[in-house]
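A.B. asks: Next input, structure requested:
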Amino acid sequence: MRVLIDGAYRGLTQGTGISTYARTLAATLTQLGHDVHWLSGAHAAGKPDPMSDAVHAADERPDLSGPRNYLQTALNMATGLLRPSVRAQKLELDGSIQGRSAGPPLETTLLAPNLFVHAHYRHMLLRQFTEVRTDGQEDVLHLTAPLPVRMKGVKTVVTIHDLIPICLPYTTPDNKREFIDRVRTSVENADLIITVSDASKQEMVNLLQVNPARIAVTWQPSDIEPLTDPERAALPRTLARFGLEADRYGLFVGAIEPKKNVRRLIDAFLDSHDTMPLVLVGPKAWKWEGEIGDLDQRLGETAHKRIRILGHVPHDDLRRLFAGARLLAFPSLREGFGLPVLEAMRMGCPVVTSHAGGLAEVAGNAAVIVDPLETDSIRHGITRLIEDDALHANLRAAGHAQALRFSSEAYLDQLAAAYARLA
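C.D. replies: Numbering: from 1, shown residues only. Coordinates of the predicted model:
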């Protein structure tokens, strides 16, 4: 089938869960023999979608700070109101935008400038989806998030990763009423709903009253590769660049935002050991100040020095940070899946994570499971992995075995079975 996937995410240099998902989806559909194209909402030809164009446009409040932003927001609103449908045209690119994951060539991109921004405002104001028209003969439109776009006469697949804005409304910035309406309409429009865990499937059944037969679960694989022997031999030198020693630091990977529970994690980690640093890898996201913005005042200079905030790091450095860490601490309040947990297990890094959402499903019996709302529970889990060498060794082996369940081959089989429902 000819499949159109939203967003030219392959060009993004700083991946997120959804961007990784989109690239993996495209590569796997191509492997299954489908003809895959991208639907881009970039501002202009030759530029990849900004993250806000496709994924976050529908989740951000209008920026009205200053005359320029006010006018741009007003223009976007007006354009959305006046554009019930748009035409996406083939985009010729020079191939200079590269990403680290395999996927269809960028020349298979169809461009409708600002599509997702304008579609968001149309739905926000009128509760109407924007129709996309193309010159091709698409069979399937696959939306990697519940975006307010549709195509007449084309089967629609929508991936809904989670319902966190409904389950934990205080952890996300979106307009909750608009989000609920958009998700409900997306579900109604879809010929097939895909999600990434049984936990997320059950949330849709319980909260949206979706018939479970309409939902396919395709676990998300990881493209992270264990270190080669030469890379492992050079690991001490690599870690020294960050001022770290192997097996002598804890690691957190993810956006710094309320959902990730970083504030409780820091308190728990500092109480679990006197000197070991905690390394935070990931961007500062919505309300990050409430998680780490007052470390000096709250912790004091000595404790603050133990919190290493690295921000985004290149993929190969992330592999090495996983491989050298004593543990990954990921006590998120809720996740649809929890890719960092899988990545850590693939890299031989024992995990402390929470029982919320899909995290326990990914971790299985191969991690220390804690209550994310109880700092003492998080502290106890971290302490166990720091002090108990036997437990540490057991979870390293168990994590590797658990990660094999989420292989690329398993994902290919699940996705093939899901798409077979469209035949």
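A.B. asks: got any ranges where this protein has weak pLDDT?
C.D. replies: 8-16, 43-66, 68-73, 76-77, 80, 82, 91-107 (pLDDT under 70).
A.B. asks: Strands along the stretch 301-423 of the chain, start to end?
C.D. replies: 307-311, 327-330, 351-354, 368-370 (DSSP state E, counting those that start in this stretch).
A.B. asks: outside of stretch 393-411, which residues touch it?
C.D. replies: The contact list for stretch 393-411, computed with Cβ atoms under 8 Å, 6 or more residues apart in numbering, reads 24, 28, 218-223, 342, 344-346, 348-351, 362-368, 385. For glycine as for every other residue, the C-beta is placed from the backbone atoms N, C-alpha and C.
A.B. asks: May I see the PyMOL selection of the buried members of those?
C.D. replies: Per 16 or more other Cβ atoms under 10 Å, the buried members of those correspond to this PyMOL selection:
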select buried, resi 24+28+218+219+220+221+222+223+342+344+345+346+348+349+350+351+362+363+364+366+367+368+385
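A.B. asks: Among the contacts of stretch 393-411, which are located in helices?
C.D. replies: 24, 28, 342, 344-346, 362-363, 385 (DSSP state H).
A.B. asks: and of those residues, the nearest to Pro283?
C.D. replies: Closest approach to Pro283 among these (Cβ to Cβ): Ala344, at 18.6 Å.
A.B. asks: And for that closest one, nearest residue in space, chain neighbours not counted?
C.D. replies: Leu328 (3.9 Å; Cβ to Cβ, 6 or more residues apart in numbering).
A.B. asks: number of nearby residues for the one you found?
C.D. replies: 26 (other Cβ atoms under 10 Å).
A.B. asks: now Glu257
C.D. replies: Residues lying near Glu257 (other Cβ under 10 Å) number 21.
A.B. asks: ok, now Val196?
C.D. replies: Applying other Cβ under 10 Å, we find 25 residues neighbouring Val196.
A.B. asks: How about the contacts made by it?
C.D. replies: Listed by Cβ under 8 Å, 6+ apart, the contact set of Val196 reads 21, 159, 161-162, 217-220, 336-337, 358.
A.B. asks: run the last query once more with 6 Å
C.D. replies: The contact partners of Val196, taken as Cβ atoms under 6 Å, 6 or more residues apart in numbering, are 161, 220, 336-337.
A.B. asks: and those as JSON lines, adding distance to Arg263?
C.D. replies: Output for the contacts of Val196, formatted as JSON lines (distance: Cβ to Cβ, whole Å):
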{"residue": "His161", "distance to Arg263": "24"}
{"residue": "Gln220", "distance to Arg263": "27"}
{"residue": "Gly336", "distance to Arg263": "22"}
{"residue": "Phe337", "distance to Arg263": "23"}
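A.B. asks: Okay, and which of those residues map to helices?
C.D. replies: Those of these lying in helices (DSSP H): none at all.
A.B. asks: residues of stretch 294-303 that come out buried?
C.D. replies: 295, 299.
A.B. asks: Start and end of it, how far apart?
C.D. replies: 12 Å (Cα to Cα, to the nearest Å).
A.B. asks: Need the contact partners of stretch 316-334.
C.D. replies: Stretch 316-334 has contacts (Cβ under 6 Å, 6+ apart) with 164, 168, 224, 227, 235, 238-239, 246-247, 249-252, 259-261, 265, 340-341, 344, 347, 349-354, 356-357, 370, 372, 378, 382, 385.
A.B. asks: With stretch 153-163 instead?
C.D. replies: Here stretch 153-163 has contacts from 138, 140-144, 146, 186, 189-196, 200, 203, 207, 336, 422, using Cβ under 6 Å, 6+ apart.
A.B. asks: Mind doing that once more with 8 Å?
C.D. replies: 4, 17-18, 21, 25, 138-146, 150, 183, 186-187, 189-196, 200, 203-204, 207-208, 334-337, 357-358, 418-419, 422.
A.B. asks: Is it possible to mark the buried ones in those?
C.D. replies: Among those, those buried by neighbour count (16+ other Cβ under 10 Å) are 4, 17-18, 21, 25, 138, 140-146, 150, 183, 186-187, 189-190, 192-196, 200, 203-204, 208, 334-337, 357-358, 418-419.
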